[in-house]
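*Asks:* Predicted model follows, preceded by the sequence.
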Amino acid sequence: MEYKISIIIPVYNAEKYIKKSLDSIIKQTIGFEHLEVIMVDDGSTDSSGEIMDEYAAEYENFKSIHLQENSGAAGKPKNCGLDHATAEYLMFLDADDYYNDDACEVLYKKIKQYDVDIVSSNYITVYENRTEFYQHFKDIEEIKVNTIHDEPKLLTASHMHWTKIYKRDFIHDNRIKFIENIPNDDLVFVVNAFFEANGIIYLDNHFAVNYSRFCESIGIESISRAKDMKTLMNMAHGYIETFKILKSYEKEEYFPLVFKEHLRFWANIFILSNISYQEKNKLLKEIGILFEELKKYEVNLNDNYLIPLFSSISNKEYDKAISISDSLKDLLIIKQILEEKTFSLEKQIKTALDEKKSLQEQLNTSNEKLTKYLTTMGYFKYKTKNIVIRTKNKLNK
């Protein structure tokens, strides 16, 4: 059978979430029979692999592939999925996330209608106690360009590879692959794809994916996201590979569009990490070239507390940068705690206001019923009194 879309899902220790992810594909309004689902297990040590096999046994369009050992990042299983995909179009989904019901239908209809290489949409971040709708432009519903150079600001929008649909031939013909063994392989993949694409559509008002973050607190600087040396170094390597793409296309001027938020993200994790002085020094020497590049542009960091750190790194004053990061750690933790308390208080206030609104609506309904009852009773008394008077008058005649 010819499928419309191949959906590639890298899987690693996702037993708590994978069923919800796979079930969201089965519920797609485009018709489940039109979807090829390629699940690639990256050496899971929980029951994820068994769950994959159960779905593959029940549904013929589910394919279950098992890598012999964990590769250390999602790039390898995603590349494996690309090699096995047979449909005309490609989509991706992480095993702990899930699609909204019309995700595939909306993206498929749009890419077929305009015959472009990529259609991109947005996502909803789902925390344990709240949701956040990601929208980049907000006042623009749809952007359509022939190449990324027609609207470079698209590079500031979501780099998430799973919010998009791609022509499979476009990906294969241009040999676009995920770099393996780095955690931010999606950034490299999407930037590479954007530079090669003939036709890109960005839908700012469509939300395809629910991005699950149940274990995290507020913000990208969550305390729970403090990373080790290996992860921070691999992230740096991913950023450097992305910079190489900009240089290969002679588009270094796009650097702040791509890297401003990513370097802010990396810096906050660096501050919160529990790695040694020697490890921090090695990291800064590795990633320093990117901070030096950012210095060439007048960039507003938004977070003023990061300005001295960015300045020190870009000037190769690594000892000073480490000292600044150490002094910022406690302040950043306090900032997050205050943000969480503020959010909790705002939630309590919202709940109280909702309860007040509900009680007021109940009171208004009760008042309306009472008014109607009293009006009816008054009319009844009036009619009864009138009948009595008329009866008396007749008897007196």
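*Replies:* That came through fine. Everything numeric in this text was worked out from a predicted model, so none of it was measured.
*Asks:* Pull out the buried positions in the longest strand seen in the chain.
*Replies:* Longest strand of the chain, by residue count under DSSP state E: strand 200-213. Using 16 or more other Cβ atoms under 10 Å as the test for burial, strand 200-213 gives 200-204, 206-213. Quick note: C-beta positions are derived from backbone N, CA and C, even for glycine.
*Asks:* Which member of these is positioned nearest Ile65?
*Replies:* Val209 (21.9 Å; Cβ to Cβ).
*Asks:* Quickly name whichever of the buried residues of strand 200-213 is closest to His34.
*Replies:* Ala208 (16.2 Å).
*Asks:* quick one on the thing from earlier: from the chain's centre, how far out is the longest strand of the chain? Work that out for me.
*Replies:* Offset of strand 200-213 from its chain centre (Cα atoms, centre = their mean, to the nearest Å): 7 Å.
*Asks:* show me what contacts the residue nearest to Ile313 when sequence neighbours are not counted?
*Replies:* Once flanking residues are discounted, Ile313 sits nearest to Phe291: 4.2 Å by Cβ to Cβ, 6 or more residues apart in numbering. By Cβ atoms under 8 Å, 6 or more residues apart in numbering, the residues touching Phe291 are 263, 310, 313-314.
*Asks:* In a helix, Phe291, correct?
*Replies:* Yes: per DSSP: H, G, I helix; E, B strand; the rest coil, Phe291 lies within a helix segment.
*Asks:* Hmm, Ser314 and Leu294 touching each other?
*Replies:* Yes: between Leu294 and Ser314 there is a contact under Cβ atoms under 8 Å: 6.9 Å.
*Asks:* Kindly provide the distance from Ile176 to Phe207.
*Replies:* To Phe207, Ile176 is 25 Å away according to Cβ to Cβ, to the nearest Å.
*Asks:* which residues in this protein form helices?
*Replies:* All helices of the chain, identified by DSSP state H, fall at 18-26, 48-58, 75-84, 103-114, 168-173, 185-196, 229-248, 255-272, 277-295, 307-314, 318-396.
*Asks:* What angle do strand 200-213 and the first one make with each other?
*Replies:* Right, helix 18-26. 150 degrees (axes from the mean of the first three to the mean of the last three Cα atoms, to 10 degrees).
*Asks:* Helix 18-26 - contacts with which helices or strands?
*Replies:* strand 5-11, strand 35-41, helix 48-58, strand 98-99 (3 or more Cβ pairs under 8 Å, 6 or more residues apart in numbering; DSSP states H and E).
*Asks:* Buried ones in it, by neighbour count?
*Replies:* Buried-residue list, helix 18-26, by 16+ other Cβ under 10 Å: 18, 21-22, 24-25.
*Asks:* what does that helix contact?
*Replies:* 7, 9, 11, 14, 32, 35, 37, 39, 48, 51-52, 55, 59, 62, 93-101, 104, 210.
*Asks:* sorry, back to before: which one of the contacts of Phe291 is nearest Glu128?
*Replies:* Nearest to Glu128 among these, with distances taken as Cβ to Cβ, is Leu263, at 28.2 Å.
*Asks:* For stretch 137-156, C-alpha coordinates in PDB please.
*Replies:* What follows is stretch 137-156, C-alpha atoms only, in PDB (Å, rounded to 0.1, in the frame of the first residue of the first chain):
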ATOM      1  CA  PHE A 137       4.800  36.000  14.900                       C
ATOM      2  CA  LYS A 138       1.300  36.000  16.300                       C
ATOM      3  CA  ASP A 139       0.000  38.700  14.100                       C
ATOM      4  CA  ILE A 140       0.700  36.800  10.900                       C
ATOM      5  CA  GLU A 141      -1.300  33.600  10.200                       C
ATOM      6  CA  GLU A 142       0.700  32.300   7.300                       C
ATOM      7  CA  ILE A 143       4.100  33.000   5.600                       C
ATOM      8  CA  LYS A 144       4.900  31.600   2.200                       C
ATOM      9  CA  VAL A 145       8.400  32.000   0.600                       C
ATOM     10  CA  ASN A 146      10.300  30.500  -2.300                       C
ATOM     11  CA  THR A 147      13.500  30.300  -0.300                       C
ATOM     12  CA  ILE A 148      14.600  31.100   3.300                       C
ATOM     13  CA  HIS A 149      16.400  34.200   1.900                       C
ATOM     14  CA  ASP A 150      13.000  35.800   1.100                       C
ATOM     15  CA  GLU A 151      12.200  35.800   4.900                       C
ATOM     16  CA  PRO A 152      15.300  35.000   7.000                       C
ATOM     17  CA  LYS A 153      13.200  35.700  10.200                       C
ATOM     18  CA  LEU A 154      11.800  32.200   9.700                       C
ATOM     19  CA  LEU A 155      15.200  31.100  11.200                       C
ATOM     20  CA  THR A 156      14.100  32.600  14.500                       C
END
